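A.B. asks: below: sequence and its predicted model.
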Amino acid sequence: MMARVDSGSEQPRFFTVEEANRTLPLVRKIVKDIVEGYPEFQRQRELYRQLGQDTPGPALQSRLEALREAIDRYTDRLHGFLRELDQVGCVLKDYQEGLVDYYTVYRGRPVLLCWQLGEPRVAHWHELDGGFGGRQPITQEFADEVRRSLPG
């Protein structure tokens, strides 16, 4: 798992369950692109690290340059994806599993709505420090309380 790069946003956006679900067509596409490209990115980074330990030569140098360019291209693409998610207001928590959190307020305290690539909708939540293992199903009572807690 890789922690998300801080985008510099000062205040998180708070979502109702319905608002978070409305973002899923775009979020699903972005996260799918990240999850599909990330294993190759990791493989290239590891290969670059391994080849960097070999005896230098022109062929090796050329291979390292090509790898570096591919790594840089994906890094730029990844940062673009993360900027898009930041504009939506959600946070990517895992680049391999496609875990995404949305801030919300439940019973007067901030908690996170939780979605994973492959799930049809945002259907779970957890405490700020609970993580994926602390996921709980969203009940009607939870959704109603969140809706009452958020302005607008």
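C.D. replies: Received it, and whenever you're ready, just let me know what you need.
A.B. asks: identify the bridge partners of the most centrally placed residue in the chain.
C.D. replies: What sits nearest the mean C-alpha location of the chain, by C-alpha atoms, centre = their mean, is Leu92, with 1.6 Å. Counting by DSSP bridges, Leu92 is bridged to Val100.
A.B. asks: doesn't Glu84 make contact with it?
C.D. replies: No. The pair Leu92 / Glu84 is not scored as a contact, 10.2 Å apart, by C-beta atoms under 8 Å. Where C-beta positions appear, they are placed from N, C-alpha and C, glycine not excepted.
A.B. asks: quick one on the thing from earlier: the residue nearest to the centre of the chain: what's it in contact with?
C.D. replies: Listed by C-beta atoms under 8 Å, 6 or more residues apart in numbering, the contact set of Leu92 reads Arg4, Val31, Ile34, Leu82, Leu85, Gly98, Leu99, Val100.
A.B. asks: which SSE is the fourth one in?
C.D. replies: Element membership for Leu82 (DSSP states H and E) is helix 58-88.
A.B. asks: chain center to that helix, what's the gap?
C.D. replies: Centre-to-centre, helix 58-88 and its host chain are 17 Å apart (C-alpha atoms, centre = their mean, to the nearest Å).
A.B. asks: what comes up buried for that helix?
C.D. replies: Leu64, Leu67, Ala70, Tyr74, Leu78, Phe81, Leu82, Leu85, Asp86, Val88 (16 or more other C-beta atoms under 10 Å).
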